[in-house]
Structure formats: structure tokens, C-alpha cells
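S.K.: Sharing a sequence plus its predicted fold:
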Amino acid sequence: MNAMQESLLQLITETSTNLPPDVRRAIKRAQLQEEFGSRAALALNTIVDNIVSAEEDVQPICQDTGMPTFIVYCPVGFNQLTLTEDIRAAVREATKLGKLRPNSVDPLTGKNSGDNLGPGTPVIHFHQWEKDDVEIRLILKGGGCENKNIQYALPTELPGLGRAGRDLDGIRKCILHAVYQAQGQGCSAGFIGVGIGGDRTTGYELAKEQLFRSLDDVNPNETLAEMEKYIMDTANHLDIGTMGFGGKVTLLGCKIGVMNRIPASFYVSVAYNCWAFRRLGIVVDPATGEIRRWLYRDSEERLDRPAAAFDEKNAIVLQAPISEEQIRSLKVGDVVIIKGEMHTGRDEIHHYLIDHDAPVDLRGGVLYHCGPVMLKDEDGNWHVKAAGPTTSSREEPYQADIIEKFGIRAIIGKGGMGAKTLAGLQKSGAVYLNAIGGAAQFYAHCVKRVKGVDFLDKFGVPEAMWHLEVDGFPAIVTMDAHGNSLHKEVADESLVKLEDLKEPVFAC
Ligand SMILES: O=C(O)C[C@H](O)C(=O)O
Ligand code: SF4
């Protein structure tokens, strides 16, 4: 690799494994606000433990390293074609080293390219400027929070908030609604970038651009500065909390930008980013390709590993295969520790299992909604490099049927599931366990052995069915076999809180 490629590899590795100081500070502040022993505090402790491990071991903070997106500023005359090739080479190498998960999938064939290269991936935006340096910023924004982006066309009617008109107060309502609708599914507590104006494409681009601002900056536009402050204060009263467990901190950052629109369109676009807010940048010498300095790193922020994220003493041990009787004795709020075998299964596997047999006996088993980062050693053995949960709600159309068909007793995921699954849990005697989203190192350490894999060639690494031997794998019962769902409770209560914010705040 040439010097530029080495610099880019460093940028990718650091972005994937080492959260920037402004993000760490926001997470630390959240940790201080949540009550000791609460579910939100437990989730935040796990997150902090994970951040510390990822940095120490130079491994991905979260297994979903997203759609790598590079924003490049370069001097006039700089060769953008060469830099594009260098970026592609660095992305390929980072994937080989397990710093990026192979995430580039052909939507028509379902084929994962395996190296994060393919039509449209990675994303690279070039801009010219008058300076001599080349500045390269990178964001790794995962799919769960990307799915929670939302775009509003004003005027509109919003659940809980009523009419949102083409004015500042309408904008206010859209942003509050955007935070509410994400619930815990985008791994709250999150960050939002908001774009006001533009068209559908540039509105979203503007929203994503805001995610590159430092969390500590102050918006030069006074109106927007006021709106950012209002949203930060107010959204944190929705009590959605970390992972949607309820809690004082729901939003960690809000940055708003504005651009002109055309008369017929009025968009408010919101880019939601999970707590694993991975963005960094480098300034590179265009002649040598060497890094001159890092962006977002003008200060240092250490996080201390919490004594114990989960209180193992009071946890209930679930040894797989699990009996129906033990599952039916569990209730929402119980902390469990899983031992034994679990099987990963996400979108492709659910789609497949509806019409086919499972490759292994799943009776009494644990199905983990997870697409890990895996590496094979020289002897052909697989190792888990990152393995946090994925958003479960995507499997809602399939889950209840799959639980019943295969006799599964526990589903592990994050963000919760809906009414159909809740009824299915009750009928078949199963539970939904919430793992802490993004805590990919924390859970990777719970895997003692990779027992095997099915559908690797067919579906690729993240979507394959991995058979894992785990020990000391903690999670929380958030949907039980008695018809209770913490997710429904938090969603209902936060809607009531949203309704309280209906009255105008900003002059129209
Ligand atoms: O794809 C994943 O592993 C997780 C995804 O980012 C999600 O939040 O659902
Ligand atoms: S799993 Fe959570 S932390 Fe990871 S990319 Fe998805 S939303 Fe972000």
C-alpha cells in the first residue's frame, strides 16, 4: 500500500474502533444523569465498557460499519481519480482486517461483494477548495439508525403533535416527531442532523452534513441555535432513554442546517445517528500522502470501564436448550445470562426459514438477530470480531411463525418487536431478550467458540447462520410470554409526552 492508502486505512481503523472525544463527552454526561441501577444506566455502562474494549483491542465498536462515506476537500488540480482508487484499496484492506464488516450487497441478487466495494459503495463526495491540504472526513453510519432517518413534507399532520405548518413551529414539531419515532430502534441515545429546505436529495444531504459538525459548536444562525437548544432540552423529556428502556437521556446532540427550497416543496429531513457516532477526519499532505493532523481530536476524553455492566448475582441463568416452563416463568425486567448454543439469524434467514427447514435443530433454542464481523485464521477456524444485536422489528412479519414452526424459546435482538410477535411469544412460550445495541465487543467476548456456519456462500458473512457457543451472555427480558412489552409501554408513554408539546413555541 502507498502512503495515502496507509493514511486512509488508519482513518478507517480509527473511525471504526475509537470514538471521538466530543461523542465520548456526550455519553459520559448521559451516564451521569441516569439513576444508578436503572435499566438505562445498565445499558450505558455496557456501552461504555464496549467503547473502552473497542479502543483497547482496536476492534469495531459496532459490527455494523455502515455505508462508508468519505467527504473530501482537495486543492484545484488534485487527482481525484487516484484518490478514489486509494480509498477503494484502503476499504478493501480494512475489510480484510475485520475493521469493516463486508456490507455491500446487490439488492437484485442478494450477493454480498465481500470487500465493501460495488456500485455506489463506498460513497465518496469531492469538493474543491483554495487550500493546499487534502481533508478527508469519514462517517460510518450503521443501517439501524439509517432506517430511522425521516423526511417530512410540510404542511403535514403528525401523530401526537397535530398540524405542522410551513413555519418554524412546524419545523420544531417535525424534529420532535423524528426523535419520538426512532424510539430505541436506532440505538438511542442518538444524535440528529437536520436539513431544512432543499429538495428530497439535497435536504437529506444537508441533514447528513450536520453530523460532521462538532458537537460543541454553536450554530452561527441565531434562530437555529435557539432551535437546537430547545430540541436538546425538550426531546430529553420524552423519556425514551438509552435503547428505548425509558430514561432521562434520549438525545445526545442536535445540529440543524438550512438551505433554500422551491415554492412548492418544504422539506424537513432528519438523519438519525446511533450512540455509536463514528466520524473522524484527517488532513493529508497531497504530495506525500502522510497525515498532517486529525480532525475532531483537539482534546482527549477518557472513559473509565465500569466495575460491572451487569449484576450477574441477580441474573437468571438460561442454559440452552431452554424449557418452556423456565421461559414462561420469566417476566419483563428480568436480567438473564445465557449459556450454551445460540444461532444467528437475521433478514435473509427469516425470509428463508418461512419456506424451508432449518439446517440445525432449533427446539428450545436461542435465535440471535445478529450479523457479526468474522475472520478466518490460517487453520480455517472462524473468530468473532464484533457481534452486537441488529434491529429486530424488521423480522416482525416472520417472527411469530418461525418461533412456532421451529420451537424456538428465546429471541435476542434490540429495539423490540410488535403485536404479532408478542402474541406469538404468548402462544408458543417464548421470550424476547433485548441486548444492548452497538455493544459488539462486549458480546463478542461472550462467544467462546464458533461451532459452525450455514448459508455463508449464499447470504454472505452478516446474513449467514452462525452457530455460537456462548457463556455469560447478558440480556434483559423486554417482551415476555404473558403479553407484556416494555417497548409498547415506552412508546405509549412517550406519545403522551409528545402530545404535551403540541402548543406553539416558536413564533410563526
Ligand atoms: O446490521 C447490523 O448489524 C445492525 C444494524 O445497524 C441495526 O442497527 O439494525
Ligand atoms: S447496531 Fe446500533 S450502534 Fe450499531 S450501527 Fe446499528 S444503530 Fe448503530
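M.R.: Ah, there it is. Ligands and ions are numbered 1, 2, ... in the order given.

S.K.: any idea how far the closest residue in space to residue 266 that isn't next to it in sequence is from residue 265?
M.R.: When the adjacent residues along the chain are set aside, residue 266 lies closest to residue 154, with 4.2 Å between them (Cβ to Cβ, 6 or more residues apart in numbering). Bear in mind the C-beta positions are built from the backbone N, C-alpha and C, glycine included. Noted for residue 154: a distance of 9 Å to residue 265, by Cβ to Cβ, to the nearest Å.

S.K.: re earlier: so the residue nearest to residue 266 makes contact with residue 169?
M.R.: No: between residue 154 and residue 169 there is no contact, the gap being 10.6 Å when judged by Cβ atoms under 8 Å.

S.K.: Tell me the residues of the stretch 1-150 of the chain that contact ligand 1?
M.R.: Contact residues, the stretch 1-150 of the chain versus ligand 1 (Cβ under 6 Å from any ligand atom): 63, 64, 142, 143, 144.

S.K.: Filter the residues you listed down to the ones in helices?
M.R.: Using DSSP state H, the subset of these located in helices is 143, 144.

S.K.: Just name the closest of the residues of the stretch 1-150 of the chain next to ligand 1 to residue 76, please.
M.R.: residue 142 (34.9 Å; Cβ to Cβ).

S.K.: I'd like to know how far the closest one sits from residue 245.
M.R.: 19 Å.

S.K.: and the chain, which residues reach ligand 2?
M.R.: So the chain meets ligand 2 at 62, 64, 142, 144, 145, 186, 187, 274, 276, 388, 437, 438 (Cβ under 6 Å from any ligand atom).

S.K.: re earlier: neighbour count: residue 154 and residue 265, which is higher?
M.R.: Taking neighbours as other Cβ atoms under 10 Å, residue 154 and residue 265 compare with residue 154 leading, 19 against 13.

S.K.: show me the contacts for that one.
M.R.: Listed by Cβ atoms under 8 Å, 6 or more residues apart in numbering, the contact set of residue 154 reads 164, 165, 166, 170, 171, 174, 266, 267, 268.

S.K.: and these as a markdown table, adding neighbour count and pLDDT?
M.R.: Compiled in a markdown table, the contacts of residue 154 are given as follows (neighbours: other Cβ atoms under 10 Å; pLDDT from 0 to 100):
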| residue | neighbour count | pLDDT |
| --- | --- | --- |
| 164 | 22 | 98 |
| 165 | 15 | 98 |
| 166 | 15 | 98 |
| 170 | 22 | 98 |
| 171 | 26 | 98 |
| 174 | 24 | 98 |
| 266 | 21 | 98 |
| 267 | 23 | 98 |
| 268 | 27 | 99 |
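
S.K.: Which strands and helices lie in contact with the helix or strand residue 139 falls within?
M.R.: If you go by DSSP states H and E, residue 139 is part of strand 134-140. Packing contacts for strand 134-140, counted by 3 or more Cβ pairs under 8 Å, 6 or more residues apart in numbering; DSSP states H and E, involve helix 3-17, strand 69-75, strand 278-284.

S.K.: what sits up against that strand?
M.R.: 8, 11-12, 15-16, 65-66, 68-75, 78, 83, 100, 208, 211-212, 278-286, 295.

S.K.: Quick one: low-confidence residue ranges for this structure.
M.R.: Applying pLDDT under 70 to the chain flags the ranges 508.

S.K.: for ligand 1, what are the nearby residues on it?
M.R.: 63, 64, 142, 143, 144, 187, 371, 390, 391, 437.

S.K.: how near is the closest residue to residue 265 other than its chain neighbours to ligand 2?
M.R.: Closest residue in space to residue 265, ignoring its immediate chain neighbours: residue 199 at 6.3 Å, by Cβ to Cβ, 6+ apart. Counting by Cβ to the nearest ligand atom, to the nearest Å, the gap from residue 199 to ligand 2 is 27 Å.

S.K.: Also residue 340?
M.R.: Distance from residue 340 to ligand 2, counting by Cβ to the nearest ligand atom: 24 Å.

S.K.: for the residue in the stretch 351-500 of the chain that ligand 2 sits nearest to, what are its contacts?
M.R.: In the stretch 351-500 of the chain, no residue comes nearer to ligand 2 than residue 438, which is 2.8 Å away by Cβ to the nearest ligand atom. Residues in contact with residue 438 (Cβ under 8 Å, 6+ apart) are 47, 50, 61, 62, 142, 187, 274, 275, 276, 388.

S.K.: any idea what sits nearest residue 314, other than its immediate chain neighbours?
M.R.: Residue 314's closest residue in space is residue 335 (Cβ to Cβ, 6+ apart), at 6.6 Å.

S.K.: What's opposite the one you found in the beta bridge?
M.R.: Counting by DSSP bridges, residue 335 forms beta bridges with residue 476.

S.K.: just the angle between the longest helix seen in the chain and helix 3-17, please?
M.R.: Using DSSP H to define each element, the chain has its longest helix at helix 39-57. Orientation of helix 39-57 against helix 3-17 (axes from the mean of the first three to the mean of the last three Cα atoms, to 10 degrees) gives an angle of 150 degrees.

S.K.: Please identify the buried residues of helix 39-57?
M.R.: Burial within helix 39-57, assessed by neighbour count using 16 or more other Cβ atoms under 10 Å, is assigned to 39-55.

S.K.: Ok, stretch 446-463 next?
M.R.: Those would be 446, 447, 450, 453, 454, 455, 456, 459, 460, 461, 462, 463, for stretch 446-463 by 16+ other Cβ under 10 Å.

S.K.: In CSV, list those residues along with secondary structure and distance to residue 192.
M.R.: Shown next, in CSV, are the buried residues of stretch 446-463 (DSSP: H, G, I helix; E, B strand; the rest coil; distance: Cβ to Cβ, whole Å):
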residue, secondary structure, distance to residue 192
446, coil, 31
447, strand, 33
450, strand, 37
453, strand, 37
454, strand, 39
455, coil, 36
456, helix, 36
459, helix, 32
460, coil, 31
461, coil, 30
462, coil, 26
463, coil, 29
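
S.K.: ok, the closest residue to residue 35 other than its chain neighbours to residue 27 distance?
M.R.: Among residues not flanking residue 35 along the chain, residue 41 sits closest, at 6.2 Å (Cβ to Cβ, 6+ apart). Using Cβ to Cβ, residue 41 is found at 12 Å from residue 27.

S.K.: Let's verify residue 303: helix, strand, or coil?
M.R.: For residue 303, the assignment made with DSSP: H, G, I helix; E, B strand; the rest coil gives coil.
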